[in-house]
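# structure for this input, please:
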Amino acid sequence: MAEELALDLEELKKLQNIAKRPRVLSFIDSEIRNLEKLSKQAAPAPVSQTPNPAPVKVPYTPGTSYVTLASFSWDQDNEKVKIYISLEGVEQEKMETDIKQMSFDVKFHDVKGKNYRLTIPKLNKEIVPEKCKVLVKPTRVVITLIKASKGNWLDLHFKEDKLKPNLDKDRDPMAGIMDLMKNMYEEGDEEMKRTIAKAWTDARSGKTADPLSGYR
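Numbering: from 1, shown residues only. Next up, the predicted model:
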């Protein structure tokens, strides 16, 4: 069809050159314009270039080695905790995150030839994983953890209260006191240790009741 239109157009242009009457010229001009329009519509569409394939995410096996990010800073408000990591060259598509209610694990792959990792296996308190996010900036990464309940965290890491008495009803009532004394001895300064050791010695020698029997 395109060839036929081209031949008709060529013939009309020849007639245009020899026509004299204004009415005939106007008719020929009109037909030439119509044929030129039809020729453009009938022309084959230009072949589009094949788009560049999307970058393939490089798989990282469980055996991938990582440099642990031990240095970072953090702050908080009543609703969230923000962790700041100074790390330049991180790419969003090469980052792997695993955020759960009481932990998070963020891996940064191929950062200037190295793999980095920041993980906290047990957080101070629960968070809302689906609301947390990791923002990559040119020279640092910001991890935002949304608290499940409002309030202040004393630390990022979960810490058991060693001085809290065990309330298990089946335990010996003296067991909680013994645990408390043991923790005081293990975590106390030299003077505290000498005081507790003296009390134990006095108890063993019969000077007083033995509150630390079974200790050691």
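
# I'd like to know how many residues surround residue 105.
14 (other C-beta atoms under 10 Å). Heads up, the C-betas are built off the backbone N, CA and C, glycines and all.

# please apply the same query to residue 197.
Look at residue 197: counted by other C-beta under 10 Å, it has 13 neighbours.

# start the count at 716 instead of 1 going forward.
Okay, residue one is now 716; in that scheme the one you just asked about reads as residue 912.

# what distance do you get for it to residue 752?
According to C-beta to C-beta, to the nearest Å, residue 912 stands 106 Å off from residue 752.

# for residue 809, grab the count of nearby residues.
18.

# touching, it and residue 825? I think so.
Yes - in this structure residue 809 lies within contact range of residue 825 using C-beta atoms under 8 Å: 5.3 Å.

# quick check: domain ranges of the protein?
Under the assignment automatic domain parsing, the domains of the chain span 717-757, 782-861, 875-931.

# most tightly surrounded among those?
domain 782-861 (a mean of 15; mean count of other C-beta atoms under 10 Å).

# mind checking which helix or strand of this protein has the lowest mean pLDDT?
Every helix and strand in the chain was compared by mean pLDDT, DSSP states H and E; the lowest is helix 888-902, with a mean of 64.

# by contact count, what packs against the following helix or strand past that one?
As assigned by DSSP states H and E, the chain's next helix or strand after helix 888-902 is helix 905-920. Packing partners of helix 905-920 (3 or more C-beta pairs under 8 Å, 6 or more residues apart in numbering; DSSP states H and E): helix 888-902.

# output the contacting helices and strands for the helix or strand residue 834 falls within.
Taking DSSP H and E as the criterion, residue 834 maps to strand 829-835. Applying 3+ C-beta pairs under 8 Å, 6+ apart, we find strand 829-835 packed against strand 782-783, strand 819-826.

# tabulate those (JSON lines), appending mean pLDDT and distance to residue 849.
JSON lines is the format used below for the helices and strands packed on strand 829-835 (pLDDT from 0 to 100; distance: least, C-beta to C-beta, whole Å):
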{"stretch": "strand 782-783", "mean pLDDT": "94", "distance to residue 849": "17"}
{"stretch": "strand 819-826", "mean pLDDT": "95", "distance to residue 849": "6"}
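
# out of these, which is closest to residue 724?
Closest of the helices and strands packed on strand 829-835 to residue 724 is strand 819-826, at 59.2 Å (criterion: C-beta to C-beta).

# give me the sheet partners of the closest one and which way each runs.
Strand 819-826 has the following strand partners under DSSP bridges: strand 810-814 (antiparallel), strand 829-835 (antiparallel).

# what does the shortest one contact?
Going back to what we said before, that points to strand 810-814. If you take C-beta atoms under 8 Å, 6 or more residues apart in numbering as the criterion, strand 810-814 is touched by 775, 819-824, 842, 844, 847, 849, 851, 860.

# from those residues, which two are the most distant?
Spanning the widest gap among the contacts of strand 810-814 are 775 and 842, at 24.6 Å by C-beta to C-beta.

# right, I'll leave it there.
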